[in-house]
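Peer 1: sequence and predicted structure below; questions after.
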Amino acid sequence: VTEIQWWHAMTGANNDVIVKLANDFNASQSDYKVIPTYKGGYADTMNAGIAAFRAGNAPHIMQVFEVGTATMMAATGAVKPVYKLMADAGEKFDPSVYLPAITGYYSTSKGEMLSFPFNSSSTVMWVNLDALKKANIAEIPKTWPQVFEDAKKLKAAGYNTCGFSGSWVTWVNLEQLSAWHNVPLASKANGLDGFDTVLEFNGPLQVKHLENLVELQKDKTYDYAGRTNTGEGRFTSGECPIYLTSSAFFGNVKAQAKFNFTAAPMPYYPDVKGAPQNSIIGGASLWIMGGKSAEEYKGVAKFLTFLSDTDRQVWIHKASGYLPITKAAYAKAKEEGFYKDQPYLETPLLELTNKEPTENSRGLRLGNMVQLRDMWSEEIEQALAGKKTAKQALDSAVERGNQMLRQFEKSAVH
Ligand SMILES: O=P(O)(O)OC[C@H](O)CO
């Protein structure tokens with residue numbers, strides 16, 4: 001039996017999904033054994049994989065969050081592009097069966113798929129419907145001013161430590177916010193059109209939004225919940241009744257929330273012309289590491305085919321809240337009437353396809369993104385702590401970030 005190591009970053013309900021997929025694949029044939037290993041959060045998993053590659057013992061499959069894409073693309077030799085893997089292994093593979101809004105993110109401009117879009121998500125607004133009722137709020141808020149208003153009412157109704165919050169502070173409040181309002185995060189289509197991109201997220205919209213969060217943080221109408229997704233339990237515990245994070249929070253919400261809930265589209269600022277635009281994808285993709293044997297690659301290719309199966313994709317979608325990655329799986333979920341019962345699982349798909357993507361909303365591809373996000377978060381935290389104004393914090397995040405991008409550009413192999 002040829003062993004295939006799969007390093008991943010999933011916890012809770014989504015870890016259960018990974019384990020079941022590996023077990024089912026292993027039970028479906030006897031030539032290969034996929035062994036999943038949790039390596040910490042997304043940033044830790046990526047760093048562990050890169051270190052292992054340098055030491056000559058990389059796993060076969062590595063789950064890398066969407067914002068690690070530029071780094072992986074630049075790591076020529078360290079990775080085996082998916083389109084090549086499938087061709088070399090003689091595995092049937094048609095990139096056109098996957099949803100273009102998702103695969104575009106992980107493909108070259110020629111349409112060659114570099115990594116396999118295993119778990120794609122988007123940002124949604126999770127809402128505690130019982131809390132809304134308790135605060136006499138009749139409708140789910142659609143705009144940011146309505147969220148602020150409702151969060152104040154929720155506070156008055158007893159949710160006094162957190163009216164609203166969210167995870168992945170930069171993803172939600174810079175990256176998705178910018179795309180959703182059709183303003184640039186960075187030049188060159190947010191880096192998709194070249195590594196010579198410069199950051200541009202210190203514009204009026206992003207500054208105004210951070211000013212709002214800073215102001216609302218003072219009395220806990222908003223309460224910061226951290227850089228990654230570790231604060232998500234504050235929604236399921238009932239503490240924060242409005243919470244912006246990934247659609248893939250679904251498995252844990254379903255298992256843990258003792259209240260009625262839904263996931264609505266991200267709010268928007270109604271004074272921004274044309275908003276809302278479309279959201280961008282989150283989550284992660286599977287990168288196949290270089291330097292393995294033909295036999296091992298054959299097993300990996302078979303596993304990717306196994307993951308692409310329509311029924312399996314529908315199952316992953318229903319269990320986790322990650323998106324169905326193929327057109328057939330999305331159509332099947334619709335046909336089954338799945339979204340009639342659970343309309344909120346379609347929310348991220350509707351956001352992604354809300355409008356034809358623009359240069360500002362196709363996605364983003366910035367090098368050194370793990371470090372960039374940490375530094376952007378640090379600047380946001382300074383603003384929330386009252387040590388800098390929102391404008392100073394975002395100006396500094398842009399300036400420091402541009403230096404990091406230039407370092408990446410110099411070191412990247414083109
Ligand atoms: O929680 P996930 O897996 O949907 O990922 C959220 C963000 O996209 C991570 O960068």
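Peer 2: Perfect, thanks for sending it.
Peer 1: what's near enough to touch the residue in the stretch 51-200 of the chain positioned nearest to the ligand?
Peer 2: In the stretch 51-200 of the chain, the residue that lies nearest the ligand is Ser121 (3.2 Å; Cβ to the nearest ligand atom). C-beta coordinates here come from the backbone N, C-alpha and C atoms, glycine included. When the contact criterion is Cβ atoms under 8 Å, 6 or more residues apart in numbering, the partners of Ser121 are Ser246, Ser247, Ala248, Ile281, Gly282, Gly283, Gly321, Tyr322, Leu323, Pro348.
Peer 1: tell me the bridge partners for it.
Peer 2: Taking DSSP bridges as the rule, Ser121 bridges to Gly282.
Peer 1: report how many residues lie close to the closest residue to Ala9 other than its chain neighbours.
Peer 2: Closest residue to Ala9 apart from its sequence neighbours, by Cβ to Cβ, 6 or more residues apart in numbering: Thr45 at 4.2 Å. Thr45 has 24 neighbours, counted by other Cβ atoms under 10 Å.
Peer 1: how close does Thr45 sit to Ser96?
Peer 2: 30 Å (Cβ to Cβ, to the nearest Å).
Peer 1: using the three-state scheme, assign Ile4.
Peer 2: strand (DSSP: H, G, I helix; E, B strand; the rest coil).
Peer 1: what bridges to it?
Peer 2: Val34.
Peer 1: show me what the one helix or strand Leu405 maps to is packed against.
Peer 2: Remark: Leu405 resides in helix 390-411, with elements defined by DSSP states H and E. The helices and strands touching helix 390-411, judged by 3 or more Cβ pairs under 8 Å, 6 or more residues apart in numbering; DSSP states H and E, are helix 69-74, helix 204-217, helix 369-384.
Peer 1: report the contact partners of Gly49.
Peer 2: Per Cβ under 8 Å, 6+ apart, neighbours of Gly49: Trp7, Lys39, Ala58, Pro59, Met62, Val64, Trp287, Met289.
Peer 1: got it, and Val64?
Peer 2: Contacts of Val64 (Cβ under 8 Å, 6+ apart): Tyr42, Thr45, Met46, Gly49, Met72, Ser115, Ala284, Ser285, Leu286, Trp287.
Peer 1: export those residues to CSV and tack on pLDDT and distance to the ligand?
Peer 2: Output for the contacts of Val64, formatted as CSV (pLDDT from 0 to 100; distance: Cβ to the nearest ligand atom, whole Å):
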residue, pLDDT, distance to the ligand
Tyr42, 97, 6
Thr45, 97, 11
Met46, 95, 11
Gly49, 95, 16
Met72, 94, 14
Ser115, 97, 14
Ala284, 98, 6
Ser285, 98, 11
Leu286, 98, 13
Trp287, 98, 15
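Peer 1: with secondary structure and distance to Asp223 as new columns, can the residues you listed be given to me in JSON lines?
Peer 2: Shown next, in JSON lines, are these (DSSP: H, G, I helix; E, B strand; the rest coil; distance: Cβ to Cβ, whole Å):
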{"residue": "Tyr42", "secondary structure": "helix", "distance to Asp223": "23"}
{"residue": "Thr45", "secondary structure": "helix", "distance to Asp223": "28"}
{"residue": "Met46", "secondary structure": "helix", "distance to Asp223": "29"}
{"residue": "Gly49", "secondary structure": "helix", "distance to Asp223": "34"}
{"residue": "Met72", "secondary structure": "helix", "distance to Asp223": "34"}
{"residue": "Ser115", "secondary structure": "coil", "distance to Asp223": "35"}
{"residue": "Ala284", "secondary structure": "strand", "distance to Asp223": "27"}
{"residue": "Ser285", "secondary structure": "strand", "distance to Asp223": "32"}
{"residue": "Leu286", "secondary structure": "strand", "distance to Asp223": "35"}
{"residue": "Trp287", "secondary structure": "strand", "distance to Asp223": "35"}
